[in-house]
Each structure stands twice: as C-alpha cells, then as structure tokens.
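Colleague: Sequence and predicted structure, then a few things I'm wondering about:
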Amino acid sequence: MSGRLFKKVLKEQEQQQLQLQLSAAEPQSKLLNHDDDVVVVVVDSDSDSPDSAPPPPSRNPFQLLEDDQDDELDVVGDSSPPDVEDQKPSLVGTLPLSNRKSKKKKKKTKEDHNSTNKDKSQKSIDGFLESLAIDAKFSSHQPTTTKSKAKDPGVSKNLVKKHSPSILSVQPKFLRPENELRRIFGSDVVRSFENSNTSGSSRQVRGGRRGGHNPRKTFLVSPSDHWPRWDGSLSMELVETKDGQHFFKYVHTSSYSHTQRAFEAAKAINDLNGIASILVYQPYHIESLITIAEVLKFSGEHQAAADAISKCLFALECAWHPMFNPLQGDCQLKFNHETNRPLFSVLFTHMLNMDRRGCHRSALEVCKLLLSLDSDDPMGAMFCIDYFSLRAEEYSWLERFSEEYRSDNSLWLFPNFSYSLAIARLYLERDSCTESTSKKNEMAASSDLMKQALMLHPSVLKKLVEKAPLKDPAWTKILKHKFFGSAQTGGPSVEHLIDIYVERNYIIWRLPDLQVLLRDAAQLVIETLDHNGSDARDWACVRKEAFPSEKNEYSHLLVSDFSGSVPQMPPDDLRDLMVDPHMAHAMGNGGHEANPEAHARVPLEVMNRNPMIVFLESLLPWADYGGPLDDNHFDGHNRDED
C-alpha cells in the first residue's frame, strides 16, 4: 500500500471516530437549566473558552476520550441522558446568582450522598463487629456503638464499667525520657546533647559498617543506630488466659541456652572478661548486659551503664508476643517463671536511671508497667509509685490509684501512702479554685490526713527529722513528747516499710511548705493526746490489725535498692567480678578471709623479705597485709619459737 493511500485510510478512520465521539458527547455538551428562569449553558470541565463551547471540528477527538475517562462516563451505547450529579460540570455564561445557587445545590447533594455512604459503612462495620463479638474498645466506631446502646441505662452502666481504662494503663508518649527532657529543657538543648552522644558513640564502634540497618521502633527505649541487629534469640509464648488476663512467659532458644550456660560458667570463676566476650558473639544476652551495667555503674560510668540497660529493654521488647500488650494493664508475666525475672530487674533499674535524670513522669509510667506485669509486686513498685506521682505532680491520679487499686489492705494504711496522700491533698487544695464546693466538703483536709498518718505511723517523724534533716528548733520540742520520742513501729514489716519510705521520699520533705504541714499536724496530735490519751492505743490496734505478722514479709526488698544515691563499694558478688581471676587467686580466694588463721600469718612473712620489694608491693591497691597484731599474738609466736 502506497503512502498516499495509507494517509487516506487513516483520515477516514479519524473522521469516523470523530463522528462517534461528537454524537456521544452531544447530550452532555449542552444542558438547559431553567432554575429561577435563568438559562445555564453547561459544557465540559476541560473546555478552554469561558463564553461558549468550541465548535466540534476544532477539538482533538482523543481529548474527548480523555474527558470521558476523567468524568467516569460510559457514553458509547448509552441513549439515556447523563445525571447532573455525576458529571461534575462547570457553569459557563451564567449570572452570579444562579451560579451560587447551583453550586449550593450540588454541594448539598454531595454531602447528603457522602453522609448516607458513611452511615451505611458504619452500620455495616458495627454489625460485623457485633457478629464477631469483638470488644468495643478495639473498634474505631466506639462512640457510635455506645450511643446506640445508651438507650438502656443498665446497658450503658455495664459498658462504662467494662470499658473503663485500667488505673495502671501506660501512656506511651510519656515512656520516653527524651520527650520529657524536651518539655523541661527545650528541643534545641536535647538535640545538641544527642548529637554529641551520637558522635561519641560512633567513634566507639570499631570495625562496624557505617550507616548500617535501621533499628526497630520500640515503646520503652529509643534504639541507637550503632546497636547490633536484633538476633531473635528470645521469644515469648502465651501460657493461659484467665479472668480477662493474659499470662505470658519468655522462652529461650537453643543458642541462648548455650550462651546462658557459658555465662554461668564465667560467673562461677569470677571471670569478667569471659562475660564481656559473651557479648561479642551474643550482643543481646540479658544477664551479661545486666552484669556489665552493674560493674559500669560502680565504676562511675553511669551513661554506659544506662545504655546497657536500654539494650536489655530493646531485646526484651523485640521478643514480645503479638498478643502481648502490657500498656493496657491486662497482660501479666509472673515472676515465678525464671525466664521472666530479668525483665523485672531491668525495668526497676531503668526506672531508677530515669529518676536520676529528673524524668519523673517517665519513671511513673515505667513503675505502673512494672506493677501491672505481676500483681504480687515482686520488686516493690508499690512503695515508690507514690514518690514518682508526687514528683511528676500527678496528685489526682495518686488519689484515684489509692481508691481503685485492688489490694489486701487499704493503701492508706501503708506508711508511704498515708503521708503521700496528705501531700497530694495539700497541692490539690491549692488548685481547687475551679472545683465545686460540694466536692470540697466531701474531701478530707490535708491537715486531717497528715494527723492520721502521724497517729498511725509516729516513728516516721523521728526518722524524717534525722534523714532530711529538719533543722527547725520546734522539732526538738516535738520529739521530746513521749508519743513521738518512744514511738513503736508495730512489727518488723512496718519497720522495714518505714525505712524504705524514709530512704525513698526524704528529699520531698525539704520543701518549706511540707515542713509547715508536718509541724502543724504534729502539734495537733500532741494537743489531742494531752486531752485524750486513748487515741494512741486505738491507732496502735489499727496498725496491729493491718500488719499482724511477727516476721518481716518484705525482707526480699532491700532498702538500698530504693536509694537515689549510688553506694561507694559494690556488693560482694560484683566485687569478685571486678577483680582479675588470676589476681584474685594470688590474693587468696579473691580477697575474702575464708581462712582467718592463714590471713593472720601474712605480717609474719614480711619480716624475712626484702624491705624494698615489700614497700613497692604495698603501693598496689589490692595488697592487704591485715590489721595490726595484738600483743597476745606476738607472745604466742615467741612461745612457739622458744
């Protein structure tokens, strides 16, 4: 076929296609609208002329095809006129009044159409959720379902009671200490500090690839870019579901169990280098990271110790079960499972680290998480949650917690809550300008609550005056009273809890306002007892009934664990790990006095040695020649020589 004939055929095809498109587009090119006696000419939205529609031959036929696709109209083979609502036309050559009216009508019709579609979709989703019996709190249409069921007052009360959030539910936005530091110091200060730490940490990475992987996002900590990739050595399984609570436990893989045996072997011989080498091959071994963190803490490397604890939290959170959601307060990890115990100790240490950084709001959220994981409270989170709530200024939450939390005894009977609730009420009274007077009358005054706390636990006052210390001369006169001077704790359990409270909360009582509250309440107690001395016996009976045990039920909680200061010397088990095992063997069982007689003969060996060597050896920090020998020892030695 020649080129001229080919062009002729193409021209005929174009003309045929043009006729088809014009015949199909003719019903939609002009539309008469007789609303309000105004003639409206409607053309396609892609028209270029503002006054009238262009003549059909001057338009590109393929443009008509594109316009039809944009308007989603199937014009081929459709003899019925198109609907005005589905065209999305534009009004051309009309008066402004008619233009506004037509637009308003179109907007109304579109809004009605969208609202009907939304109602239908909500009804279908709600019906689907009801058929599956899914809890309403996981549905995105919870307000719609509650409104539809709120007609019956009994049903509405049950819904509110069932779906009310737990008092121990954790707010994820407050878990990160970085967010709280930004609120305190500003974003610029925190950003510069993070950049300095990032540059320092990147220099510490040796032989690692720069710009490696992106770490997983977690709730508890913010993983650093230089951390190793999560190896999946830990996992979690669902044990059972009982009374709406899901019970889980951690599971060790075979590689993690092998690493655990290597850690126990290195710990048995006090080999700190062996424990550090474990982290080279297993960077997320929890027990090794905890040991290294403790050693770094007592060495003064607090930031490095906090990073090791953060790695533990990152690994433990990466191993969570898909159903494990501890932020809602309905998931539990029992402490009696040995594999669950590292999480409790790591969370407790992380909470104390945030307290030292001044992030008390974040520490409160971690404390709530720690308390919700096991109702038995193995770490004693109950005895520091009041401190963090006061430091975070969550006074209303503390009162609500004391009322809603389920416990064997009323929480106000414990020493920490009896005093902390009085402090919370004091600050709530100052902010009670917007509250109703009826609510004020129902609430007890802070002075009355402090008076009850002093009557219930009078021995707290003397310890607070010594620990804080409180230097007002009035305290000398108050402590001379027989009720406070010779106050009895009431049992070993109460005495231990009082020691924990004083060690944890003594710094709060340095505020002048609280000292005034405590002093005035103590004077009221003295005046009351001078008029009626039987009140002291009544409160002693209450204390005896609340803590009837004759042995310390809280002996597993160490007072030093609740202290905000780091002790100068590490415990004995860590002291052995901080010494080289070869040096420990040369020192004789790591420096312990396992054989006192052999240790007592060391000064005798100095007499027959070179004085210069003994002098140089004495400069070593681990050199120990024992204490001074008494005369009886020399006399016995002389008698042996004779």
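Modeller: Looks like it came in fine.
Colleague: quick one: Thr241 is in a strand?
Modeller: Yes - according to DSSP: H, G, I helix; E, B strand; the rest coil, the state of Thr241 is that of a strand.
Colleague: So that it lines up with my notes, have the first residue be 28 from now on.
Modeller: Happy to do that; since the first residue is 28 now, the last one works out to Thr268.
Colleague: so what's it scoring on pLDDT?
Modeller: Confidence per residue is given as pLDDT, and for Thr268 that number is 91.
Colleague: repeat for the one 4 residues further on
Modeller: Per-residue confidence for Gln272 comes out at a pLDDT of 88.
Colleague: Torsion angles phi and psi at it?
Modeller: The phi and psi torsions at Gln272 (degrees, to the nearest 10) take the values phi -110, psi 140.
Colleague: Gln359 too?
Modeller: Phi and psi for Gln359, reported as degrees, to the nearest 10, are phi -130, psi 140.
Colleague: and it, how many neighbours?
Modeller: 21 (other CB atoms under 10 Å). No exception for glycine: its C-beta is placed from N, CA and C like everyone else's.
Colleague: From Gln198, how far off is it?
Modeller: Distance of Gln359 to Gln198, computed by CB to CB, to the nearest Å: 19 Å.
Colleague: okay, now Ser576: neighbour count?
Modeller: When counting by other CB under 10 Å, one arrives at 11 neighbours for Ser576.
Colleague: Do I have it right that it meets Glu522?
Modeller: No - taking CB atoms under 8 Å as the contact criterion, Ser576 and Glu522 are not neighbours in contact, 11.9 Å apart.
Colleague: Name the helix or strand for Val197, please.
Modeller: Counting by DSSP states H and E, there is no helix or strand that carries Val197.
Colleague: wait, what's in contact with it?
Modeller: Residues touching Val197, when contacts are defined by CB atoms under 8 Å, 6 or more residues apart in numbering, comprise Pro353, Leu354, Gly356, Glu392, Lys395, Leu396, Ser399.
Colleague: can you check Leu417 too?
Modeller: Taking CB under 8 Å, 6+ apart as the definition of contact, the neighbours of Leu417 are Leu425, Ser447, Ile450, Ala451, Asn532, Ile535.
Colleague: mind checking the SS state of the first one?
Modeller: Look at Leu425: counting by three-state DSSP, its state is helix.
Colleague: Tell me the confidence at it?
Modeller: The per-residue confidence score, pLDDT, reads 96 for Leu425.
Colleague: What is the burial count for the spatially closest residue to it that is not a sequence neighbour?
Modeller: Among residues not flanking Leu425 along the chain, Ser416 sits closest, at 4.3 Å (CB to CB, 6 or more residues apart in numbering). Ser416 has 24 neighbours, counted by other CB under 10 Å.
Colleague: tell me which element Ser416 falls in.
Modeller: In this structure, Ser416 is located in helix 412-418 according to DSSP H and E.
Colleague: pLDDT of that helix, averaged?
Modeller: 96.
Colleague: for the helix or strand hosting Arg31, packing partners?
Modeller: Element membership of Arg31 [criterion: DSSP H and E] is helix 30-56. Packing contacts for helix 30-56, counted by 3 or more CB pairs under 8 Å, 6 or more residues apart in numbering; DSSP states H and E, involve helix 88-97.
Colleague: just checking, Glu421 touches Glu392?
Modeller: No - with contact defined as CB under 8 Å, Glu421 does not reach Glu392; the gap is 10.2 Å.
Colleague: what about these two, which has more around it?
Modeller: It is Glu392, of Glu421 and Glu392, that has more neighbours when counted by other CB under 10 Å, with 27 against 18.
Colleague: is it fair to say the more buried one lies in a helix?
Modeller: Yes - the assignment for Glu392, made by three-state DSSP, places it in a helix.
Colleague: any idea how far Asn579 is from it?
Modeller: The value you get for Glu392 to Asn579, if CB to CB is used, is 30 Å.
Colleague: Also Phe511?
Modeller: Phe511 sits 24 Å away from Asn579, taking CB to CB as the criterion.
Colleague: Understood, closing this out.
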